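Novice: curious how this folds, go ahead:
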Amino acid sequence: MHTFTVSFFGHRQIEAPLQIEAQLEKLISRLLQQNEFVEFLVGREGEFDRLVSSTIRRCKRNIRDDNSALVWVMPYPTAEFRDNESSFLDYYDEIEVCEQATAAHYKSAFQIRNRETVDRSRMVILYVRHPSGGAYQTFRYVQKSGKKYINVAAKSHGLCQSRGERR
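Specialist: So this is what the prediction gives:
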């Protein structure tokens, strides 16, 4: 089976969430319909991450739920996870802990997790509006990696920013 892996990164706070949600729904629907199996790699640190996860769950329910997995990739286990593990296991199809990130200082753990997740991905979907923060650092890494990406923040402001894969 061919797996198409997609990861998502964005700023903690988002503007125009309904517009962003509509764009995400179109992208996710297309991915579910056009690929044999889709692995969606997500975080859980802010509004964008939660919007992505809920949109993926809704698309799986409404379109097709037999050819994908919603995977939460944590940089390290948290007290919130330990206290609510069964609820999280009910929500996500899989939960992973990035081993390399767990061994690092907590301030660098997120970027380590993000880079490993980008490296696993065939496509990256971002919400990056300004040149600062962890999402922007990850966006720069995506650009340097040559991965195919779509920045839905740019699309919501009339700017289509995406790039195909380098061969």
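
Novice: quick one, phi psi at Phe9?
Specialist: With angles defined as degrees, to the nearest 10, Phe9 sits at phi -140, psi 140.

Novice: per-residue pLDDT, the residue nearest to it when sequence neighbours are not counted?
Specialist: In space, and not counting its chain neighbours, Phe9 is closest to Thr138: 4.6 Å by C-beta to C-beta, 6 or more residues apart in numbering. Any C-beta I mention is one placed from the backbone N, CA and C, and that applies to glycine too. Looking at Thr138, its pLDDT reads 97.

Novice: tell me which element Thr138 falls in.
Specialist: In the assignment (DSSP states H and E), Thr138 maps to helix 133-145.

Novice: helices or strands up against that helix?
Specialist: strand 3-10, helix 106-120, strand 123-127, strand 148-151 (3 or more C-beta pairs under 8 Å, 6 or more residues apart in numbering; DSSP states H and E).

Novice: quick one: least confident helix or strand in the protein?
Specialist: Within the chain, no helix or strand scores below strand 161-163, which has a mean of 56 by mean pLDDT, DSSP states H and E.

Novice: which ones are touching the most far-flung residue of the chain relative to its centre?
Specialist: Computed with C-alpha atoms, centre = their mean, the residue of the chain farthest from its C-alpha average is Asp83, at 23.7 Å. For Asp83, no residue meets the contact criterion (C-beta atoms under 8 Å, 6 or more residues apart in numbering).

Novice: rewinding a little: need the winner for burial among the helices and strands packed on helix 133-145.
Specialist: Comparing the helices and strands packed on helix 133-145 by mean neighbour count (mean count of other C-beta atoms under 10 Å), strand 123-127 comes out on top with a mean of 25.

Novice: tell me which helix or strand comes right after the longest helix belonging to the chain.
Specialist: In the chain, assigned by DSSP state H, the helix with the most residues is helix 17-34. Counting by DSSP H and E, the element after helix 17-34 in chain order, helix or strand, is strand 37-42.

Novice: buried sites along that following strand?
Specialist: Buried residues in strand 37-42, counted by 16 or more other C-beta atoms under 10 Å: Val38, Glu39, Phe40, Leu41, Val42.

Novice: how about the helices and strands packed on helix 133-145, which one is nearest Ile63?
Specialist: strand 3-10 (14.9 Å; C-beta to C-beta).

Novice: tell me which strands and helices the closest one is in contact with?
Specialist: Packing contacts for strand 3-10, counted by 3+ C-beta pairs under 8 Å, 6+ apart, involve strand 37-42, helix 47-62, helix 106-120, strand 123-127, helix 133-145.

Novice: sweet, I'm off.
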